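[1] Okay, structure incoming, though there's no sequence with it:
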């Protein structure tokens with residue numbers, strides 16, 4: 001089996017309404033589908049992502065410039081592709097959109113491997129479980145009133161979710177506390193609640209807010225400060241009564257290793273495209289496990305599910321609905337868990353017709 005061709009479909013998926021998070025207004029999800037074709041007819045599917053479709057051209061060009069490293073390769077040699085790609089892009093560094101493009105090709109190669117073996121991805125990787133706890137991440141935004149927050153939180157509980165995330169930001173801590181208190185009142189004591197500051201605070205402010213919110217029994221306090229300030233994260237982790245979660249903006253397994261070694265957080269959040277694909281995601285999770293750190297995925301809900309199902313230290317799958325319009329299949333979520341598909345490959349299949357309709 002050989003890779004014969006790699007093609008891309010850049011699509012812009014509009015959101016139901018604009019979202020404010022981390023100082024950005026998000027109106028659409030820019031999704032780059034990467035289809036890796038083989039001489040046996042098996043096609044692998046990979047994805048890259050950008051907010052509002054901006055700089056999509058960088059991702060497309062990245063796939064185009066990396067494609068010669070995969071064409072002609074046996075797709076079972078995913079490690080060989082990554083070795084070539086990381087070496088070939090060393091001059092540009094490995095914290096760039098090139099890693100995101102690399103990840104889209106690498107995940108497509110894994111998809112081919114699983115399909116060729118007739119195995120669902122989690123079993124190809126070595127399954128630990130066939131369902132993974134989830135948390136709802138597609139709502140409870142800063143722009144919502146307390147009434148809207150309570151209404152949506154209650155709706156998600158009735159839909160079967162047993163965990164959800166609320167966005168917070170720099171401002172009046174008392175107002176933030178009232179919003180958290182209101183959501184906790186709406187969902188009751190048995191539903192897990194997280195908060196995410198999207199890197200908008202400073203160290204002192206994050207510690208102060210964590211102490212104020214501790215009475216509401218929060219599962220984690222996510223990305224309170226800029227992601228690159230690992231010393232600051234470690235300082236907050238040592239002082240906060242709420243466990244920290246971070247890492248979605250870090251690259252490759254060594255980024256996860258550095259954060260785990262520095263004690264930046266209790267939960268690392270590898271992002272499939274910033275990890276460079278499945279192998280680095282797993283490697284980073286194993287490095288985290290060595291330090292007693294859990295992992296929870298960032299975005300890429302459908303493709304991250306089977307990976308988490310193969311990890312001992314996975315806690316939650318982030319359910320973000322932004323990618324749903326480009327899939328034929330929907331996740332089955334029941335009583336707080338997403339069930340892993342038994343279909344060979346990633347499990348959820350891209351909807352090529354839908355992608356073409358939204359092509360940029």
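    All right, it came through fine. In this text, all values refer to a predicted model and were calculated from it rather than measured experimentally. Numbering: from 1, shown residues only.

[2] and the next element down the chain from the helix of greatest length in the chain?
    Within the chain, and with DSSP state H defining each element, the longest helix by residue count is helix 97-117. Tracing the chain past helix 97-117, the next element assigned as helix or strand by DSSP states H and E is helix 121-125.

[3] pLDDT of that next one, averaged?
    For helix 121-125, mean pLDDT rounds to 98.

[4] and if you look at stretch 35-42?
    For stretch 35-42, the per-residue pLDDT averages 98.

[5] how about stretch 134-144: buried residues?
    Burial within stretch 134-144, assessed by neighbour count using 16 or more other Cβ atoms under 10 Å, is assigned to 134, 135, 136, 137, 138, 139, 140, 141, 142, 144. (Glycine included, C-beta is placed from N, CA and C.)

[6] Tell me the one of these nearest residue 213?
    Proximity of the buried residues of stretch 134-144 to residue 213, judged by Cβ to Cβ, is greatest for residue 140, which lies at 14.3 Å.

[7] Go ahead and confirm the closest one touches residue 167.
    Yes - taking contacts as Cβ atoms under 8 Å, residue 140 lies within contact range of residue 167: 6.4 Å.

[8] before we move on, the earlier item: what comes up buried for the longest helix of the chain?
    Within helix 97-117, the residues that qualify as buried by neighbour count (16+ other Cβ under 10 Å) are 97-116.

[9] Tell me which residue is most central in the protein.
    Per Cα atoms, centre = their mean, the C-alpha nearest to the average position across the chain is that of residue 298, at 1.9 Å.

[10] residue ranges for the strands of the stretch 151-300 of the chain, please.
    163-167, 192-196, 218-222, 244-246, 267-268, 294-296 (DSSP state E, counting those that start in this stretch).

[11] Quick one: closest of the ones you listed to residue 80.
    Set against residue 80 and scored by Cβ to Cβ, the strands of the stretch 151-300 of the chain come closest in strand 294-296, at 25.9 Å.

[12] Next, the buried residues of the closest one.
    Burial within strand 294-296, assessed by neighbour count using 16+ other Cβ under 10 Å, is assigned to 294, 295, 296.

[13] strands paired with it, and their directions?
    Paired strands of strand 294-296, with direction, are strand 267-268 (parallel), strand 314-319 (parallel) (DSSP bridges).

[14] want to throw those into TSV with distance to residue 335, mean pLDDT and mean neighbour count?
    Conversion of the strands paired with strand 294-296 to TSV gives the following (distance: least, Cβ to Cβ, whole Å; pLDDT from 0 to 100; neighbours: other Cβ atoms under 10 Å):
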stretch	distance to residue 335	mean pLDDT	mean neighbour count
strand 267-268	22	98	25
strand 314-319	14	98	24
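
[15] Now do residue 172 against residue 205, distance only.
    In this structure, residue 172 and residue 205 are separated by 12 Å, where distance is defined by Cβ to Cβ, to the nearest Å.

[16] More neighbours: these two, which one.
    Neighbours around residue 172 and residue 205, counted as other Cβ atoms under 10 Å, are more numerous at residue 205. The numbers are 17 against 8.

[17] For this protein, give me the ranges with low pLDDT.
    22 (pLDDT under 70).

[18] ok, 80 please
    When residues are selected by pLDDT under 80, those of the chain lie in 21-24.

[19] and it, what are its domains?
    Following automatic domain parsing, one finds the domains of the chain at 3-118+352-357, 123-339.

[20] Could I get those domains in JSON lines, plus columns for distance to residue 346?
    As requested, the domains of the chain are arranged in JSON lines below (distance: least, Cβ to Cβ, whole Å):
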{"stretch": "domain 3-118+352-357", "distance to residue 346": "5"}
{"stretch": "domain 123-339", "distance to residue 346": "5"}
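
[21] Residue 345 is nearest to which of these?
    Checking the domains of the chain against residue 345 by Cβ to Cβ gives domain 3-118+352-357 as the closest, at 4.5 Å.

[22] quick one: buried residues of the strand ranked longest in the chain?
    As assigned by DSSP state E, the longest strand anywhere in the chain is strand 3-21. Judged by neighbour count (16+ other Cβ under 10 Å), strand 3-21 contains these buried residues: 3, 6, 8, 9, 10, 11, 12, 13, 19, 21.

[23] ranges for the helices of the stretch 51-200 of the chain?
    Using DSSP state H, counting those that start in this stretch, the helices assigned to the stretch 51-200 of the chain run over residues 56-66, 78-88, 97-117, 121-125, 146-158, 173-187.

[24] which residues are in contact with the last one?
    This means helix 173-187. When contacts are defined by Cβ atoms under 8 Å, 6 or more residues apart in numbering, helix 173-187 is touched by residues 140, 146, 149-151, 153-154, 157, 164, 166, 168-169, 193, 195, 205, 208-209, 212-213, 216-218.
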